[in-house]
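Enquirer: sharing a sequence plus its predicted fold:
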There are 2 protein chains.
Amino acid sequence: MKLLEDRILKEGVVLPGNVLKVGSFLNHAIDISLADEMAKEFYRLFGDRKVTKILTIESSGIAIGSLTALQFGCPLVFVKKSNSSNVSGECYRSVARSYTHSNVYTAVVPKQYLSSDDFVLIVDDFLATGEASEAMVDIVRQSGATLVGIGILVEKTFQTGGKKLRSQGIHVESLASVESMENGKIVFTKQ
Amino acid sequence: MKLLEDRILKEGVVLPGNVLKVGSFLNHAIDISLADEMAKEFYRLFGDRKVTKILTIESSGIAIGSLTALQFGCPLVFVKKSNSSNVSGECYRSVARSYTHSNVYTAVVPKQYLSSDDFVLIVDDFLATGEASEAMVDIVRQSGATLVGIGILVEKTFQTGGKKLRSQGIHVESLASVESMENGKIVFTKQ
């Protein structure tokens, strides 16, 4: 998606450890007009499929998740990281590692929010090593719901997450695919 | 807002310690149609004022914050709780206590995302003791921005947060005001 690639080139900052910082428009301060265009793009890519829930993970997935749910006219459910005193009852759980924060957390969704009747589209801001996406896929499988696919804003294709997910037959769409960030220069995969 | 009050009566659960659990439609699984109606109500209540940024706090404020930003056609900025390796550079910081989770955290916003030119509408899901709102007000003041007001989904008027904020002359609007939850019975303030 050219609009997103241009913005990443303009405002994205490459930090040590292959971290791409896009907090000024994508996942901390959020350009809602751009986010709304990206949500419409997800609808264009997956709107021919039945979708009953959008699933994302806190915190930075929730904005794009909300706007995508608005496009699909269905509820949003978000995965919480680690348990909280406010998540009571039976839950689906999956252990994941955060690439950005170098820690391990448990992804949690109360069982009442996902069932075998659901058709789930997973949405997230980044796909790098794929740990968060894999935890969400694991939770969808535990629930017995149908996984429609995964919509990602920015995929780093030089990391292994996308390959692992696609090799399982999962339909993954990324709106911007970063092929390399060597010496701070961001190169996108040609569409 | 009757739509919200009716839904709270239908699905809200009163937990020990005056916690009102509305995770099934408001802040964990999110009924996006309802959230969109609430965002439109915030626009009806504050839309005559100049607003350049919507400010909210992770995680449960982000969904309503995103939809409200869409109504106002302006960016969303969210406050992160505690510092993260991905928040670099100069930040506004304010210490707050979580009523629900009984812990203390530092509310953080990078300085580049709020400036003295901004007109800020704060949006959050709950107002009880007001600690999160006060931390956001503190951050807005540190930035020199103009505080337009605070839009809240559910206020517990039997707790002190709303009174403290309004006594400072802040324009606070709550879409549902819970007067009491004694013995698990939810009573709303008459509009």
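Expert: Received the coordinates, thanks.

Enquirer: give me the contact list for the helix or strand encompassing A:Ala176.
Expert: Assigned by DSSP states H and E, A:Ala176 belongs to strand A:172-180. With contacts defined as C-beta atoms under 8 Å, 6 or more residues apart in numbering or on different chains, strand A:172-180 is touched by A:1, A:4-5, A:8, A:20, A:38, A:41-42, A:45-46, A:127, A:149-158, A:162, A:165-166, A:186-189. No exception for glycine: its C-beta is placed from N, CA and C like everyone else's.

Enquirer: list the buried residues for that strand?
Expert: Buried positions in strand A:172-180, judged by neighbour count with 16 or more other C-beta atoms under 10 Å in any protein chain shown: A:Val172, A:Ser174, A:Leu175, A:Ala176, A:Ser177, A:Val178.

Enquirer: and if you look at stretch A:155-173?
Expert: So, applying 16+ other C-beta under 10 Å, buried residues of stretch A:155-173: A:Glu155, A:Lys156, A:Thr157, A:Phe158, A:Gln159, A:Gly161, A:Gly162, A:Lys164, A:Leu165, A:Ile170, A:Val172.

Enquirer: can the longest helix seen in chain A be said to contact chain B?
Expert: Longest helix in chain A, counting residues (DSSP state H): helix A:32-46. Yes - using C-beta under 8 Å from any C-beta of the partner chain, helix A:32-46 comes into contact with chain B via A:Ile32, A:Ser33, A:Ala35, A:Asp36.

Enquirer: give me the neighbour count for the residue nearest to the first one when sequence neighbours are not counted.
Expert: The one in question is A:Ile32. Excluding the flanking residues, the one nearest A:Ile32 by C-beta to C-beta, 6 or more residues apart in numbering or on different chains is B:Ala69, at 4.2 Å. Look at B:Ala69: counted by other C-beta atoms under 10 Å in any protein chain shown, it has 30 neighbours.

Enquirer: contacting residues for B:Ala69?
Expert: Counted by C-beta under 8 Å, 6+ apart, B:Ala69 has contacts A:Ile30, A:Ile32, B:Ile54, B:Pro75, B:Leu76.

Enquirer: quick one: A:Val108 from A:Ile139, how far?
Expert: For A:Val108, the distance to A:Ile139 (C-beta to C-beta, to the nearest Å) stands at 9 Å.

Enquirer: what helix or strand does the residue nearest in space to the middle of chain A sit in?
Expert: By C-alpha atoms, centre = their mean, chain A has its centre lying nearest to A:Asp124, at 1.3 Å. Assigned by DSSP H and E, A:Asp124 belongs to strand A:119-127.

Enquirer: what's the angle between that strand and helix A:32-46?
Expert: Angle of strand A:119-127 versus helix A:32-46, following axes from the mean of the first three to the mean of the last three C-alpha atoms, to 10 degrees, is 130 degrees.

Enquirer: so which of the buried residues of stretch A:155-173 is the closest to chain B?
Expert: The shortest approach to chain B among those belongs to A:Lys156, at 14.7 Å (C-beta to the nearest C-beta).

Enquirer: related to what we said a few turns ago, any idea of the pLDDT on the residue nearest to A:Ile32?
Expert: If you check B:Ala69, the pLDDT there is 98.

Enquirer: and for A:Ala135, the neighbour number?
Expert: 24.

Enquirer: packing partners for the strand or helix carrying it?
Expert: Element membership of A:Ala135 [criterion: DSSP H and E] is helix A:131-143. With contacts taken as 3 or more C-beta pairs under 8 Å, 6 or more residues apart in numbering or on different chains; DSSP states H and E, helix A:131-143 sits against strand A:53-57, strand A:76-81, strand A:91-98, strand A:103-110, strand A:119-127, strand A:146-156, helix A:161-167.

Enquirer: okay if I get these as JSON lines plus distance to chain B?
Expert: Formatted as JSON lines, the helices and strands packed on helix A:131-143 follow (distance: least, C-beta to the nearest C-beta, whole Å):
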{"stretch": "strand A:53-57", "distance to chain B": "8"}
{"stretch": "strand A:76-81", "distance to chain B": "4"}
{"stretch": "strand A:91-98", "distance to chain B": "9"}
{"stretch": "strand A:103-110", "distance to chain B": "7"}
{"stretch": "strand A:119-127", "distance to chain B": "11"}
{"stretch": "strand A:146-156", "distance to chain B": "14"}
{"stretch": "helix A:161-167", "distance to chain B": "18"}
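
Enquirer: please identify the most buried of those.
Expert: Of all the helices and strands packed on helix A:131-143, strand A:53-57 carries the top mean neighbour count, a mean of 28, counting by mean count of other C-beta atoms under 10 Å in any protein chain shown.

Enquirer: hmm, back to that, and which of the contacts of B:Ala69 is nearest A:Ala135?
Expert: A:Ile30 (23.0 Å; C-beta to C-beta).

Enquirer: and that closest one, how close does it get to A:Leu67?
Expert: Distance from A:Ile30 to A:Leu67, by C-beta to C-beta: 9 Å.

Enquirer: and A:Val51, which helix or strand is it part of?
Expert: Per DSSP H and E, there is no helix or strand for A:Val51.

Enquirer: dihedrals phi and psi, it?
Expert: Main-chain dihedrals, A:Val51, degrees, to the nearest 10: phi -130, psi 120.

Enquirer: please list all residues in contact with it.
Expert: Here A:Val51 is in contact with A:Phe72, A:Cys74, A:Phe119, A:Val120, A:Leu121, A:Val148 (C-beta under 8 Å, 6+ apart).

Enquirer: need those in TSV (columns: pLDDT).
Expert: Below are these laid out as TSV (pLDDT from 0 to 100):
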residue	pLDDT
A:Phe72	98
A:Cys74	98
A:Phe119	98
A:Val120	98
A:Leu121	98
A:Val148	98
